[in-house]
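> pasting a predicted model and its sequence here:
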Amino acid sequence: MKNTFIFLAVLLFTAALACGQSISVIAPNGGESWTLGTPQGITWSSQGCTGNVRINLVKAGGGAFGTIAVVPVASGSYSWTVGQTNSGPAPAGDYRIGLYVPTQDVDGQSDGVFKIMTVTAPPDPRKPPLAVEVPAKPLPIPKTPVRTDARITVTKPSSSRRWTKGTTHAVEWETNFPQNSFTVDLYDARGENRIAGIFQGTVTPFEPGKYRTHWKIPLEVAEGSYRIRVLSQNTIKDLSATIFIAEPGQHNWQEKVMVLRPTDIRHGGIPLHCLQGKMREDQLLVGTVFADGGYWNVKAYLYFYFLPLEQEIKKIGGYILEAELELVRGSTALPSDYNPNNCISAARKLYVLTGPWTDSAVIPGYVYKEIPDVNRPRVDVRQQVISWISRQEVNRGFIIEGGNCPPSSGGQFNTIYTPKLKIKYRVRSD
């Protein structure tokens, strides 16, 4: 008998350890209809939790509307005046109750949605119903003018963020137009393919023109680089900076720097003999070359080889912190009879190469960024490098274009640069 008692005690103790810490919503747990301003009881059950519990009102589509209260978790209940939160009164709609115990980092949520309803006054029997005149023709519906300058700017997450699966993070954005209905989605690093939904519905601004929702990263999302897109009115949208979503657990991260030189530099529209003997293989020329009784406009095509970096990041897990294209300015090739009033062409525009190089006047790319007019210009190309690494592409490179000098300057002359691409990144070292 004694041995049986000891065995049962050990079994119960083991079961308690296996259950761990948890918290569950009892009410409202789905299907309830509560009226704004009425007192209602929020109840929960917990195991192994101590300290306080934060009670949040969560929108049906995801994202917290506001905090209802912070009370001792052991109390098991809270009397709530329906609709009251620290973010202001909640409008009528579908919601869930979310519970979070920061001491043990444990959370729980209603299994289903409950409805918050507005107060409706019963009709006064002493008053006759109002007569409504039906027009012969339907009245035209006024159209809301669409602002041509309407924009959304995602402010969080910012660049170089690493988020872990299972954790909750704020997504914030700003608008310059009155709108409370948004769709927030997770996209791939290029911002082209939708991966998962984050939120869809109405958001109340926490400051004029500023909005926020919260997202708990599902464990099903694959580790890798992503961007978050916020959309309104089907056309107004913006993408966040790239984030890296990592597997849960403690990991050691090592920061590295890689400097890449172009694997190939070509110049469009220039006879090769015009460049021979004037530059090294790792140099590029932008501007104009005078030759054969005329001049040739120069656009430099740069190709980069990312395979070693791509393999390291994908094999052991990592993400890009910074990527900067630097143009080290060298001498400017000037004729002996150069007039100081003449124009010297410098690098002005950076294009992203989108097709194989051809000796054509048409640039196979699109304008990426303007190049600063300084002796040693640097251009932030982090987002583009992340896009290249996120999926294999054949054409990975840039086009450098020089500025055009006005005809009154008497001519323009080229400038020589030595390009290098400096990439700072983090990889796991455990």
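Everything's here; your move. Numbering: from 1, shown residues only.
> quick one: secondary structure of residue 350?
Three-state assignment for residue 350 (DSSP: H, G, I helix; E, B strand; the rest coil): strand.
> which residues touch residue 60?
93, 94, 95, 96, 113, 201 (Cβ atoms under 8 Å, 6 or more residues apart in numbering). (Glycine included, C-beta is placed from N, CA and C.)
> roughly how far apart are it and residue 398?
46 Å (Cβ to Cβ, to the nearest Å).
> count of residues packed around residue 381?
Residues near residue 381, counting by other Cβ atoms under 10 Å, number 22.
> and it, what is it in contact with?
Residue 381 neighbours (Cβ under 8 Å, 6+ apart): 323, 324, 325, 350, 368, 369, 398, 421.
> got a PyMOL select line for the buried ones in those residues?
Buried residues within these, by 16 or more other Cβ atoms under 10 Å, are selected in PyMOL with:
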select buried, resi 323+325+350+368+398+421
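> mind checking pLDDT for the residue most central in space within the chain?
Residue closest to the average C-alpha location in the chain (Cα atoms, centre = their mean): residue 240, at 2.5 Å. In this model, residue 240 is scored at 88, pLDDT.
> contacting residues for it?
By Cβ under 8 Å, 6+ apart, the contact set of residue 240 is 154, 156, 157, 171, 227, 228, 229, 230.
> sec struct for residue 86, please.
coil.
> what's across from residue 424 in the sheet?
Assessed by DSSP bridges, residue 424 has beta-bridge partners residue 257, residue 322.
> from the contact counts, what lies against the helix or strand containing residue 384?
In this assignment (DSSP states H and E), residue 384 forms part of helix 382-390. Judged by 3 or more Cβ pairs under 8 Å, 6 or more residues apart in numbering; DSSP states H and E, the packing partners of helix 382-390 are strand 224-232, helix 307-316, strand 318-332.
> may I have the first one exported as PDB, CA atoms only?
Listed next in PDB are the C-alpha coordinates belonging to strand 224-232 (Å, rounded to 0.1, in the frame of the first residue of the first chain):
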ATOM      1  CA  GLY A 224      14.800  33.800 -43.500                       C
ATOM      2  CA  SER A 225      14.500  37.400 -44.600                       C
ATOM      3  CA  TYR A 226      11.100  39.100 -45.100                       C
ATOM      4  CA  ARG A 227       9.400  42.500 -45.400                       C
ATOM      5  CA  ILE A 228       6.100  43.700 -44.100                       C
ATOM      6  CA  ARG A 229       3.600  45.400 -46.500                       C
ATOM      7  CA  VAL A 230       0.900  47.800 -45.400                       C
ATOM      8  CA  LEU A 231      -1.900  48.400 -47.900                       C
ATOM      9  CA  SER A 232      -4.900  50.800 -48.000                       C
END
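> name the helices or strands packed onto that strand?
strand 152-156, strand 168-175, strand 181-188, strand 194-202, strand 236-239, strand 243-246, helix 382-390.
> which among the contacts of residue 60 gets closest to residue 21?
Distance to residue 21 across the contacts of residue 60 (Cβ to Cβ) is lowest for residue 96, with 20.7 Å.
> low-confidence regions, the stretch 201-350 of the chain specifically.
Low-confidence segments of the stretch 201-350 of the chain (pLDDT under 70): 268-279, 287-298, 331-344.
> so what's the gap between stretch 214-233 and the chain middle?
Its chain's average C-alpha position is 8 Å from that of stretch 214-233, according to Cα atoms, centre = their mean, to the nearest Å.
> what residues of it count as buried?
The neighbour-count check on stretch 214-233 (16+ other Cβ under 10 Å) flags 214-217, 224-232 as buried.
> can you give me the end-to-end distance of it?
Criterion Cα to Cα, to the nearest Å; first-to-last residue distance in stretch 214-233 is 21 Å.
> how about stretch 75-85?
20 Å.
> average pLDDT across that stretch?
89.
> check the offset of that stretch from the chain's centre.
The answer for stretch 75-85 is 35 Å, by Cα atoms, centre = their mean.
> what is the nearest of the buried residues of stretch 214-233 to residue 79?
Nearest member of these to residue 79, counting by Cβ to Cβ, is residue 214, at 25.4 Å.
> let me know the secondary structure of the closest one.
On the three-state scheme (three-state DSSP), residue 214 is labelled strand.
> so it makes contact with residue 170?
Yes. At 5.6 Å, residue 214 counts as touching residue 170 under the criterion of Cβ atoms under 8 Å.
> go ahead and produce PDB holding the CA coordinates of the helix holding residue 384.
What follows is helix 382-390, C-alpha atoms only, in PDB (Å, rounded to 0.1, in the frame of the first residue of the first chain):
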ATOM      1  CA  ARG A 382      21.400  46.900 -48.600                       C
ATOM      2  CA  GLN A 383      17.900  46.300 -49.800                       C
ATOM      3  CA  GLN A 384      19.000  45.300 -53.300                       C
ATOM      4  CA  VAL A 385      21.700  43.000 -52.100                       C
ATOM      5  CA  ILE A 386      19.200  41.300 -49.800                       C
ATOM      6  CA  SER A 387      16.900  40.800 -52.800                       C
ATOM      7  CA  TRP A 388      19.700  39.200 -54.800                       C
ATOM      8  CA  ILE A 389      20.600  36.800 -52.100                       C
ATOM      9  CA  SER A 390      17.000  35.900 -51.200                       C
END
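> ok, residues contacting it?
So helix 382-390 is contacted by 159, 188-190, 224-225, 241-242, 306, 309-310, 313, 319-324, 352, 368, 396, 421, 423 (Cβ under 8 Å, 6+ apart).
> stretch 25-37 now?
Stretch 25-37 is contacted from outside by 40-45, 81-83, 89-90, 92, 96-97, 99, 108-119, using Cβ under 8 Å, 6+ apart.
> gap between the two ends of it?
End to end - Cα to Cα - stretch 25-37 spans 21 Å.
> mean confidence score for that stretch?
Mean pLDDT, stretch 25-37: 87.
> ok now it, how far from the chain's centre?
34 Å.
> list the buried residues of stretch 420-430.
Within stretch 420-430, the residues scored as buried using 16+ other Cβ under 10 Å are 421, 423, 425, 426, 427.
> could you do stretch 97-115 as well?
Neighbour-count burial for stretch 97-115 [16+ other Cβ under 10 Å]: 97-101, 104, 106-110, 113-114.
> quick one: residue 104 from residue 54, how far?
According to Cβ to Cβ, residue 104 and residue 54 sit 12 Å apart.
> next one: residue 325
Relative to residue 54, residue 325 is positioned 46 Å away (Cβ to Cβ).
> do the same with residue 174
On the measure of Cβ to Cβ, residue 174 and residue 54 end up 27 Å apart.
> also residue 112?
Counting by Cβ to Cβ, the gap from residue 112 to residue 54 is 21 Å.
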